[in-house]
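A.B. asks: okay, here's the prediction I keep looking at, along with the sequence it came from:
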Amino acid sequence: MDDLERLYTTHYAAVVRFLYRKIWDADRAEDLAQEVFIRAMAHRPEKPRAWIFAVAANLARDEARAAIRRKKHLTLLKDDPVPLSTPDPSADETVERDERWAQVSGALAALTERDRDVLLLWDGGLSYPEIAAQTGLAVGAVGTTLARARKRLIEAYDRMEYTADAARS
Amino acid sequence: MRHVPDEELHAYLDQALSRSQCVEIETHMASCARCSDRRDANAALRDRTTALLAQLTPRSLIIPPPYASLEERRLKMPAFSRWQRSARRAGLWAAGLVAAIGTGWAARSFLDPGVVQRPVEPASVPPSIATAVPLATVAPAPPDFTPAPEESAAPRQSPREVTVRPASTRHEEAEITPAPVIRFISSAIPVRTDKGLDDSPVSSTASRSPFERIWRSVQWEEALQIAGSGLPFIEGMPVVGVLLQPGGPGERPMVIVAQQDGSGEVIQSIEGPVAKVTELLDRQSMPDVRSSSLTRTPPDYIEDHGVVRRNNRIMAVTGRLTVDSLNSLAKVATIR
């Protein structure tokens, strides 16, 4: 098993998640993740992990632009729940999960692009130097940016939860 | 006392410091309540963020397709599609420029016919017209550029066009061949009391089936050879039968693996293309045989006229158990 294959085994799911959080289409995220790894096979980058996330970010950006052009946003959001999963949750659980999902994705969307990128890259398993190389930040600034992004995400999420609670009551 | 700076604290919590730096910080925090409080607050923030982000994952299982299948797809990609894309972009630019100049020229002729009568100086020919074609040919080729023999005839496609298609254009294989009902599997496959994977039956279930042309009962080992990594399997239960239906070109076969649980009940894991599995489940006529929720399995990638199409596959576990039990089994079922 070569390095890239090992990386594929360990990071495929992380790349899919990273892409999914940018384009909100599970099937498309998987397609793009595979394309990323196919490109990596062709290029054999020196630092494959950072390279893979950089290419994934570019593909996600292209995809978002294309989606805007096609005005497909609503379709994508509607299409997403189709994938089949193990046990069917109850209706209550489904509603609650959907609500939470909307709140978290809304909170993520409320971040600046840089905060969001840093957060998602870190969650994808990238190191500080790798995040710095991809975002153009100084290595020393990654931790601070990350902490700020986390704080903002949680603040935005709490705000949305509070609003939802208020609307319910 | 020098407190731990924010940057160092964040890096410490994200495990971005060397071991010696960590030791230094931990030593300090052991005696500094303020810094340890900051650490706890930041750690809580980090953990909560991780938990929130964990909710933003696709609702289906993420199962990577075999690495070898990606390798195959890479080999099928055009050797210099990037060059083609650049060339196409340059061509579009040139065409746009020509169109703009042409329109301007026509408008000028229309508004001021006298001007057109004047001879056109050779120098006034827009250079872009002359360079339109060469632009496409001088676009930088990648270092490993090797012209493919069929390049001139091959359709121009970007890598994305080759590897994936938008979800809206995907379609499942419509060809549904007659399939046995689930009852067939439970009743036709003899229940074996002896355990072991090698003991899958070779009994002639096919001979009793009106669909022997399509479904085959095979040995476990043979099924492994034919289906590769696509055999659904629940750990800890002996296999009592494997039925296999060959797929179309580039498609993995549809598989039914029958296993026996501790109480002697036969559990069937059905794996195959979405349309075929749902068709099979719809035909299930025995009221006491239930099915688990459907779970996605690695899809097939089928090449069709130079375009690779994704064909989604699913798996269901069926048997005379409650849906909850079957769901639990589906959770632990693996694709071999």
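C.D. replies: Good, I have the coordinates. Every value quoted in this text rests on a predicted model; they were computed, and no experiment measured them.
A.B. asks: quickly list the domain ranges of chain B.
C.D. replies: What automatic domain parsing lists as the domains of chain B is B:6-54, B:79-156, B:182-335.
A.B. asks: if you average pLDDT over the shortest one, what comes out?
C.D. replies: When the per-residue pLDDT values of domain B:6-54 are averaged, the result is 91.
A.B. asks: that one: end-to-end distance?
C.D. replies: In terms of CA to CA, to the nearest Å, the two terminal residues of domain B:6-54 are separated by 26 Å.
A.B. asks: just give me the neighbour total for residue 11.
C.D. replies: Using chain A here. As a burial measure, the neighbour count of A:H11 was computed by other CB atoms under 10 Å in any protein chain shown and equals 22. (Each C-beta comes from the backbone N, C-alpha and C, glycine too.)
A.B. asks: not what I meant, chain B
C.D. replies: By other CB under 10 Å, 24 other residues sit near B:A11.
A.B. asks: wait, it touches A:Y128, no?
C.D. replies: Yes - B:A11 lies in contact with A:Y128 (CB atoms under 8 Å); the separation is 6.6 Å.
A.B. asks: residues shared between the contacts of these two?
C.D. replies: Contact criterion CB atoms under 8 Å, 6 or more residues apart in numbering or on different chains; residues bridging B:A11 and A:Y128 by contacting each: A:G143.
A.B. asks: least reliable of the domains of chain B going by mean pLDDT?
C.D. replies: domain B:79-156 - the lowest mean pLDDT of the domains of chain B, at a mean of 55.
A.B. asks: per-residue pLDDT, A:D3?
C.D. replies: At A:D3, the pLDDT value in this model is 84.
A.B. asks: any idea how far B:V257 lies from A:T163?
C.D. replies: Noted for B:V257: a distance of 49 Å to A:T163, by CB to CB, to the nearest Å.
A.B. asks: neighbour-wise, which of these two wins?
C.D. replies: Just comparing B:V257 and A:T163: by other CB under 10 Å the higher neighbour count belongs to B:V257, 29 against 12.
A.B. asks: isn't that one up against B:Q268?
C.D. replies: Yes - with contact defined as CB under 8 Å, B:V257 counts as touching B:Q268 (7.0 Å).
A.B. asks: how about the helix ranked longest in chain A and chain B, touching?
C.D. replies: Residue-count comparison of every helix in chain A, with assignments taken from DSSP state H, identifies helix A:139-168 as the longest. Yes - figure legend: helix A:139-168 in contact with chain B (CB under 8 Å from any CB of the partner chain); contacting residues A:140-144, A:146-147, A:150-151, A:153-154, A:157.
A.B. asks: what subset of those is buried?
C.D. replies: Members of these that pass the buried threshold by neighbour count (16 or more other CB atoms under 10 Å in any protein chain shown) are listed as A:141-144, A:146-147, A:150, A:153-154, A:157.
A.B. asks: closest one of the residues you listed to chain B?
C.D. replies: Each of these was checked against chain B using CB to the nearest CB; the closest is A:G143, at 3.1 Å.
A.B. asks: dump the residue contacts of that closest one.
C.D. replies: A:128, B:6-11, B:14, B:16.
A.B. asks: make CSV out of the residues you listed and add distance to B:A43 and secondary structure.
C.D. replies: As requested, those are exported to CSV (distance: CB to CB, whole Å; DSSP: H, G, I helix; E, B strand; the rest coil):
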residue, distance to B:A43, secondary structure
A:Y128, 17, helix
B:D6, 14, helix
B:E7, 16, helix
B:E8, 14, helix
B:L9, 10, helix
B:H10, 10, helix
B:A11, 13, helix
B:D14, 10, coil
B:A16, 14, coil
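A.B. asks: which among those count as buried?
C.D. replies: Among these, those buried by neighbour count (16+ other CB under 10 Å) are A:128, B:7-11, B:14, B:16.
A.B. asks: pick out the most distant pair among these.
C.D. replies: Spatial extent of these (CB to CB) is set by the pair A:Y128 and B:L9 at 13.4 Å.
A.B. asks: need the contacts of A:G143 in CSV (columns: distance to B:Q225).
C.D. replies: Listed next are the contacts of A:G143 as CSV, based on distance: CB to CB, whole Å:
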residue, distance to B:Q225
A:Y128, 47
B:D6, 59
B:E7, 57
B:E8, 57
B:L9, 56
B:H10, 53
B:A11, 51
B:D14, 47
B:A16, 47
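A.B. asks: what is the nearest of these to B:T49?
C.D. replies: The nearest one, if we look at those relative to B:T49 and count by CB to CB, is B:D14, at 11.3 Å.
A.B. asks: how close does the nearest residue to that closest one once chain neighbours are set aside sit to B:R46?
C.D. replies: Among residues not flanking B:D14 along the chain, A:G143 sits closest, at 6.3 Å (CB to CB, 6 or more residues apart in numbering or on different chains). Taken as CB to CB, the spacing of A:G143 relative to B:R46 amounts to 11 Å.
A.B. asks: using CSV, write down the CA coordinates of stretch B:18-28.
C.D. replies: Listed in CSV are the C-alpha atoms of stretch B:18-28, where the atom choice follows Å, rounded to 0.1, in the frame of the first residue of the first chain:
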residue,chain,number,x,y,z
SER,B,18,6.4,19.9,20.4
ARG,B,19,6.5,17.6,23.3
SER,B,20,9.0,19.8,25.2
GLN,B,21,6.8,22.9,24.7
CYS,B,22,3.8,20.9,26.0
VAL,B,23,5.7,19.9,29.1
GLU,B,24,6.6,23.5,29.8
ILE,B,25,3.0,24.6,29.5
GLU,B,26,1.7,21.8,31.6
THR,B,27,4.2,22.6,34.3
HIS,B,28,3.1,26.2,34.3
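A.B. asks: in that stretch, what's buried?
C.D. replies: Judged by neighbour count (16+ other CB under 10 Å), stretch B:18-28 contains these buried residues: B:25, B:28.
A.B. asks: next one: stretch B:276-284
C.D. replies: Counting neighbours by 16+ other CB under 10 Å, one finds that the buried residues in stretch B:276-284 are B:276-278, B:280-281, B:284.
A.B. asks: enumerate the residues of the stretch 1-150 of chain B near chain A.
C.D. replies: If contact is defined as CB under 8 Å from any CB, the residues of the stretch 1-150 of chain B in contact with chain A are B:6-11, B:14, B:16, B:42, B:45-46, B:48-50, B:52-53, B:55-62, B:64-65, B:67, B:70-71, B:73-74, B:77.
A.B. asks: got the buried residues for the longest strand seen in chain B?
C.D. replies: Using DSSP state E to assign secondary structure, the strand with the most residues in chain B is strand B:307-319. Neighbour-count burial for strand B:307-319, with 16+ other CB under 10 Å as criterion, is recorded at B:308-319.
A.B. asks: dihedrals phi and psi, B:E251?
C.D. replies: Taking degrees, to the nearest 10, you get phi -110, psi 140 for the backbone angles of B:E251.
A.B. asks: you'd agree it is up against B:N311?
C.D. replies: Yes - counting by CB under 8 Å, B:E251 does reach B:N311; the two are 6.4 Å apart.
A.B. asks: chain B versus A:D62, what's the distance?
C.D. replies: According to CB to the nearest CB, to the nearest Å, A:D62 stands 8 Å off from chain B.
A.B. asks: could you do A:I68 as well?
C.D. replies: Here the criterion is CB to the nearest CB. By it, A:I68 lies 14 Å from chain B.
A.B. asks: which outside residues touch the helix or strand hosting A:E96?
C.D. replies: In this structure, A:E96 sits in helix A:91-109 according to DSSP states H and E. For helix A:91-109, contacts defined as CB under 8 Å, 6+ apart pick out A:21, A:24, A:89, A:116, A:119, A:153-154, A:156-157, A:159-161, A:164, B:52-53, B:55-56.
A.B. asks: buried ones only from those residues, please, as a PyMOL command.
C.D. replies: Only the buried members of the contacts of helix A:91-109 end up in this PyMOL selection, burial being decided by 16+ other CB under 10 Å:
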select buried, (chain A and resi 21+24+116+119+153+154+156+157+160) or (chain B and resi 52+53+56)
